[in-house]
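> Could you work out the structure for the sequence below:
(chains A, B, C and D)
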Number of protein chains: 4
Amino acid sequence: MIISQVSIGRTTLPDTITIRPVRASDFPAWSTLWDGYNAFYGRAGATALPAQITQMTWSRFFDGYEPVHALVAECDGVLLGLVHYIFHRNTSLIEPTCYLQDLFTVEAARGKGIGRSLINAVYERAKEAGATRVYWHTHETNSTAMTLYDKVAERSGFVVYRKLL
Amino acid sequence: MIISQVSIGRTTLPDTITIRPVRASDFPAWSTLWDGYNAFYGRAGATALPAQITQMTWSRFFDGYEPVHALVAECDGVLLGLVHYIFHRNTSLIEPTCYLQDLFTVEAARGKGIGRSLINAVYERAKEAGATRVYWHTHETNSTAMTLYDKVAERSGFVVYRKLL
Amino acid sequence: MIISQVSIGRTTLPDTITIRPVRASDFPAWSTLWDGYNAFYGRAGATALPAQITQMTWSRFFDGYEPVHALVAECDGVLLGLVHYIFHRNTSLIEPTCYLQDLFTVEAARGKGIGRSLINAVYERAKEAGATRVYWHTHETNSTAMTLYDKVAERSGFVVYRKLL
Amino acid sequence: MIISQVSIGRTTLPDTITIRPVRASDFPAWSTLWDGYNAFYGRAGATALPAQITQMTWSRFFDGYEPVHALVAECDGVLLGLVHYIFHRNTSLIEPTCYLQDLFTVEAARGKGIGRSLINAVYERAKEAGATRVYWHTHETNSTAMTLYDKVAERSGFVVYRKLL
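Residues are numbered from 1 along each chain as shown, chains lettered A, B, ... in the order given. Prediction:
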């Protein structure tokens, strides 16, 4: 799917950027993006995400029983961004809900509408999968990301509590 | 499981309160709690949750294929509270994550540690189910609830974005 | 996907037959096929499959959280056949297994390779979904069906035991 | 759960045999049973089931998101048998169906009703999980097993076709 200027809005996404499901052959390029994403959240070096988690998550993208999906943004054969989303149950819905868990664009390609295109692509896929909602979490200090998020979604007013068991 | 004073901490939970999985025969009593919970979020009267969603969610509690669960707090045969939780995938975890979606105690029974006991019971069940994390969403203006949540979990600093499709 | 003569083998499948995922607008035509399939197994009239099961199964085809899928064979806008398949866990496999549960071709269109094309299409989709096996059940007296099945799969030597609870 | 003589029928199951869900600490004893079961199907030595499949299946028993379950028969702290079962969707049912995939009793303990008790325990658990059917596959030449199966279930007349992709 080529995301054109019209569907993007503010920014001009080069015609040559394609948003598509990840493929087995993407592993090295996807890994680099995934490491970059994790590093942003402090999961690097001594605190890096264990390789076996990466391996499991990667295998789930290709397992038709798992509701875990990945899309990538590709330009001239180079991966510039990723988005991961998961379908799960919700007690207030008959249909599935869609949790957009991870979104990342390489630093050099930011400001070109790639993040927005990846989010829009999740909206489309989620709709096709019968979902009526997409949600995600972002840190309250991440104002850069929120500049985009405020344009494509609404800040719900809900905050996340968490307990490590 | 009888939640005793010791496991609760600050408050004294009557010995006669039991936290247990919901049963088919609980439907009328559970419905009343569920309606009360939904009313709190403005889903009442003309904006009430459609009955068919309630029916589907209820049936999922008893479907061994669905990772959707409900516990209730019972005292002398009366249901005083409910908690619903769901297991789902997470790209940063091999094991499932636990989403505590709904928590409610009838107004007359508040301040007795029932909410806390329901949360603790979810922690136990989630641990048994291999989960290493429980998370939930609460509105940033719900300071009453946060007084409890700040004692049993941590406010993560993440906020929820949402898009209706 | 147009199933051409080459991929079919023995029979000539008209070029105009397409095997594709079922769509929401197919419901009336799919229902007729589904009723025909059920009638073959004696589920008609007084013993017909309850409408609410049909409704639930239909909705699962369009629910991205459910590993339940349907393909149809279409020719000149008319549905001539259906196949339903489900992914599920298997203790001897890391990847999912694929259960091809239902297969049906309208009587007037039999002997044209439609059944075989539907099975082949499931093989393709199952492979894409990471499955390494497809299995199904057929009655030991259904020699007509087995003539086809012996060409596209192997009779495993296993028989099915069943207990109604 | 102690399976008493009454619920067993023909044979006398020692009072000291307990059928219970597998626990993390059972791994070594369960492995021995699992290897014995696999050897029966020729999966031993050079054709043994890869260790990583055993590891994955084992971890699924303890993952609350996976509908994969294991029970064991224990006598005086020794495991004498195992049964594995899986819930999955079925296009003719709203509720889940239960696939009893593996059943094994150590040779020295056969003829004591352990296999039957394990099957009965699956029936109970499946019923609690809302399933209305349990099914399994057995080889048509396995007359020893079928002597038992004919007593606790019905041979459906269906045979299994299979395609390796």
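> Where does pLDDT dip in chain A?
Within chain A, the ranges that satisfy pLDDT under 70 run A:1-14.
> what residues does it put near chain C?
Within chain A, the positions lying close to chain C (Cβ under 8 Å from any Cβ of the partner chain) are A:59, A:62-65, A:67, A:87-89, A:94-96, A:98, A:126, A:128-131. In this view, the C-beta of every residue, glycine as well, is placed from N, C-alpha and C.
> in chain A, which spans are strands?
A:17-21, A:68-75, A:78-88, A:97-105, A:133-139, A:154-164 (DSSP state E).
> Give the other helices and strands that the first one contacts.
Applying 3 or more Cβ pairs under 8 Å, 6 or more residues apart in numbering or on different chains; DSSP states H and E, one finds that strand A:17-21 makes contact with strand A:68-75, helix A:114-128.
> The same query, at a cut-off of 6 Å, please.
Here strand A:17-21 touches strand A:68-75, going by 3 or more Cβ pairs under 6 Å, 6 or more residues apart in numbering or on different chains; DSSP states H and E.
> pull the CA atoms of the strand it packs on into PDB?
Provided in PDB are the C-alpha atoms of strand A:68-75 (Å, rounded to 0.1, in the frame of the first residue of the first chain):
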ATOM      1  CA  VAL A  68       0.300 -10.400  16.900                       C
ATOM      2  CA  HIS A  69       1.200  -8.400  13.800                       C
ATOM      3  CA  ALA A  70       3.900  -6.200  12.400                       C
ATOM      4  CA  LEU A  71       4.000  -3.700   9.600                       C
ATOM      5  CA  VAL A  72       7.100  -1.900   8.300                       C
ATOM      6  CA  ALA A  73       7.700   1.200   6.200                       C
ATOM      7  CA  GLU A  74      10.000   0.500   3.300                       C
ATOM      8  CA  CYS A  75      11.700   2.900   1.000                       C
END
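> ok, and for it, which residues are buried?
A:68-75 (16 or more other Cβ atoms under 10 Å in any protein chain shown).
> is chain D contacted by it?
No - residues of strand A:68-75 contacting chain D under Cβ under 6 Å from any Cβ of the partner chain: none, with a closest distance of 11.1 Å.
> closest point of chain A to chain B, which residue?
residue A:88 (3.5 Å; Cβ to the nearest Cβ).
> Look up which residues are beta-bridged to the nearest residue to that residue once chain neighbours are set aside.
Computed as Cβ to Cβ, 6 or more residues apart in numbering or on different chains, the closest residue to residue A:88 that is not its neighbour in sequence is residue B:88, at 3.5 Å. Going by DSSP bridges, residue B:88 is paired in beta bridges with residue B:97.
> so how far is residue A:101 from residue B:88?
10 Å (Cβ to Cβ, to the nearest Å).
> From the structure, what's the count of residues near the residue nearest to residue A:88?
Residue B:88 has 23 neighbouring residues, counting by other Cβ atoms under 10 Å in any protein chain shown.
> any idea how far it lies from residue B:163?
Per Cβ to Cβ, residue B:88 is found 19 Å from residue B:163.
> Equivalent analysis for residue A:84, please.
The gap separating residue A:84 from residue B:163 is 16 Å, by Cβ to Cβ.
> same thing with residue A:141?
22 Å.
> Please say which of these two ends up with more neighbours.
Taking neighbours as other Cβ under 10 Å, residue A:141 and residue B:163 compare with residue B:163 leading, 21 against 10.
> wouldn't that one be in contact with residue A:132 here?
No - counting by Cβ atoms under 6 Å, residue B:163 sits too far from residue A:132 to count as a contact (9.9 Å).
> Nearest spatial neighbour of residue A:35, chain-adjacent residues omitted?
Once flanking residues are discounted, residue A:35 sits nearest to residue A:44: 7.3 Å by Cβ to Cβ, 6+ apart.
> quick one on the thing from earlier: let me know the closest of the buried residues of strand A:68-75 to chain D.
Closest approach to chain D among the buried residues of strand A:68-75 (Cβ to the nearest Cβ): residue A:68, at 11.1 Å.
> Identify the residue nearest that closest one in space, chain neighbours excluded?
residue A:60 (4.2 Å).
> What is the neighbour count of that neighbour?
Quick note: residue A:60 (other Cβ under 10 Å) scores 20 neighbours.
> Tell me how far it lies from residue A:67.
9 Å.
> Residue A:128 too?
13 Å.
> and these two? which has more neighbours close in?
residue A:67 (23 against 10).
> Contact partners for the more buried one?
If a contact means Cβ atoms under 6 Å, 6 or more residues apart in numbering or on different chains, then residue A:67 has A:86-87, C:65 as its contacts.
> which residue is nearest the centroid of chain A?
residue A:83 (2.0 Å; Cα atoms, centre = their mean).
> isn't that residue right up against residue A:71?
Yes - using Cβ under 6 Å, residue A:83 is in contact with residue A:71, at 5.1 Å.
> Run a quick neighbour tally on the spatially closest residue to residue A:152 that is not a sequence neighbour.
Once flanking residues are discounted, residue A:152 sits nearest to residue A:119: 5.4 Å by Cβ to Cβ, 6+ apart. Using other Cβ under 10 Å, residue A:119 has 24 neighbouring residues.
> can you tell me how far residue A:119 sits from residue D:107?
To residue D:107, residue A:119 is 59 Å away according to Cβ to Cβ.
> Next: residue A:124.
On the measure of Cβ to Cβ, residue A:124 and residue D:107 end up 57 Å apart.
> Between these two, point out the one with more neighbours.
residue A:124 (14 against 8).
> give me every residue that touches the more buried one.
So residue A:124 contacts nothing (Cβ under 6 Å, 6+ apart).
> Repeat that for residue A:25.
Taking Cβ under 6 Å, 6+ apart as the test, residue A:25 contacts no residue whatsoever.
> how near is it to residue A:62?
According to Cβ to Cβ, residue A:25 stands 11 Å off from residue A:62.
> Same question for residue A:71.
Relative to residue A:62, and taking Cβ to Cβ, residue A:71 is found at 13 Å.
> Repeat that for residue A:102.
17 Å.
> Neighbour count for the two, which is higher?
Neighbours were counted for residue A:102 and for residue A:62 using other Cβ under 10 Å; residue A:102 has more, 20 against 17.
> right, and that one touches residue A:84 too?
Yes - assessed by Cβ under 6 Å, residue A:102 is found in contact with residue A:84 at 4.2 Å.
> who touches both of those two?
By Cβ under 6 Å, 6+ apart, the residues touching both residue A:102 and residue A:84 are residue B:91.
> Quick one: distance of stretch A:155-165 to the chain centre.
The chain centre lies 19 Å from the centre of stretch A:155-165; the measure is Cα atoms, centre = their mean, to the nearest Å.
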